[in-house]
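**Q** got a predicted structure here, sequence first:
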Amino acid sequence: MKNYRDEIKKYSTSIVEMEIGEIAMKEFNEFVTYREKMGHALSLSELEEIGVFLLEEAERHYKKLFVKLRSYHNENQND
């Protein structure tokens, strides 16, 4: 029987990364639009700072998800 673990890991990881990336971009775009509507366009350094923050947040959420998936996997290994 073929082992699909690596294929599943690649697929699930790419889906999670894609979803986190889409959420981060949506939040970022909403914030930029809000600032522009208020007449306070963001400077390049502010954009860079926000980008770094969003990447850090995405990584934090990804790590939490990984811990949950690992826990779920370990629980089901014992069944």
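**A** Here it is on my side, so go on.
**Q** what strand or helix carries the residue most central in space within the chain?
**A** Of all residues in the chain, the one closest to the mean position by Cα atoms, centre = their mean is residue 20, 2.7 Å from it. Assigned by DSSP states H and E, residue 20 belongs to helix 5-37.
**Q** for stretch 36-55, output the C-alpha coordinates as CSV.
**A** Extracted in CSV, the C-alpha atoms of stretch 36-55 (Å, rounded to 0.1, in the frame of the first residue of the first chain):
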residue,chain,number,x,y,z
GLU,A,36,-6.8,56.2,3.1
LYS,A,37,-10.4,57.1,3.7
MET,A,38,-9.4,58.9,6.9
GLY,A,39,-6.9,60.9,4.8
HIS,A,40,-3.9,59.3,6.5
ALA,A,41,-2.2,57.3,3.8
LEU,A,42,0.5,54.9,5.1
SER,A,43,4.2,55.7,4.7
LEU,A,44,6.5,53.1,3.2
SER,A,45,8.0,52.4,6.7
GLU,A,46,4.5,51.9,8.2
LEU,A,47,3.6,49.5,5.4
GLU,A,48,6.8,47.6,6.0
GLU,A,49,6.1,47.5,9.8
ILE,A,50,2.6,46.2,9.2
GLY,A,51,3.8,43.6,6.8
VAL,A,52,6.3,42.3,9.3
PHE,A,53,3.6,42.2,12.0
LEU,A,54,1.2,40.3,9.7
LEU,A,55,3.9,37.7,9.0
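**Q** which other residues reach that stretch?
**A** Contact with stretch 36-55 is made by 24, 27-28, 31-32, 35, as judged by Cβ atoms under 8 Å, 6 or more residues apart in numbering. In this view, the C-beta of every residue, glycine as well, is placed from N, C-alpha and C.
**Q** and which of these is nearest to residue 76?
**A** residue 24 (30.2 Å; Cβ to Cβ).
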